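**Student:** model this:
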Amino acid sequence: MDWYSRNPPRSVSVSISPSGEIKEGDSVTLNCSSDSNPPAEISWFYSISKISSDHRGEYKCKSRNEHGEKYSDAVTLIIMYPPRNVSVSINGSAEIVEGDSMTLICSSDSNPPALNFSWFKENQSSAVGSGQSFSALQSGRFYCEAHNQHGSQRSDAVTVIVKGHLVTIYISIGVVCGAAVVITMLLI
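**Tutor:** Residues are numbered from 1 along each chain as shown. So this is what the prediction gives:
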């Protein structure tokens, strides 16, 4: 009597095809295989025609025959995709006083993570900054673009308002009755 005749499934495994880097939109097949006699009942065979990042995660399968069952080790399905959900957050208030700066921070969801960020002021064709954060010194509407090797996406614009300095001047004048007074002020 050989070991196959009265034993549960052995060597249960999941394979991913194609192997290597999988990009969003690719076709992917996950196959569960098992070594057993009598033949095992396999819980699934999974084929995805247009894969998306929602399919990423761990997968395992179950093989069962009349003598028992066994689960495969988990395999991780990693999906590569370009930046999306790009947004700008403001560190502090959207209004600052002239001479101060405001820090804008760009974030996105992508795999691999976006490492290149470009900053633009609306109605200007060239970038005004780079990096995940940017210090705005002037009024305007700013947006960022996040980049990885699979593509790029821009955020919605945020408005930065820079107000001028508020200057308060206190003047104390002693006036002689009937005299003319001329006050000249120069504000810088």
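**Student:** Please enumerate residues in contact with the strand ranked longest in the chain?
**Tutor:** Selection of the longest strand in the chain by residue count, based on DSSP state E, yields strand 79-91. Contacting residues not belonging to strand 79-91 are listed as 21-24, 51-53, 55-56, 102-112, 114, 133, 142-148, 150-158, 160 [C-beta atoms under 8 Å, 6 or more residues apart in numbering]. The way it works is simple: take the backbone N, C-alpha and C, and place the C-beta from them, glycine included.
**Student:** Sheet partners, orientation included, of the lowest-mean-pLDDT helix or strand in the chain?
**Tutor:** When the helices and strands of the chain are compared on mean pLDDT, DSSP states H and E, strand 95-97 comes out lowest with a mean of 76. With DSSP bridges as the test, strand 95-97 is paired with strand 158-163 (parallel).
**Student:** same question for the strand it pairs with, mean pLDDT?
**Tutor:** Summarised as a single mean, pLDDT over strand 158-163 is 88.
**Student:** again with stretch 11-19
**Tutor:** The model assigns stretch 11-19 a mean pLDDT of 90.
**Student:** sorry, back to before: strands - which of the contacts of strand 79-91 land there?
**Tutor:** Those of those lying in strands (DSSP E): 22-23, 102-111, 133, 142-148, 151-154, 158, 160.
**Student:** Neighbours of residue 149, how many?
**Tutor:** Counted by other C-beta atoms under 10 Å, the residues lying close to residue 149 total 11.
**Student:** now residue 8
**Tutor:** 16.
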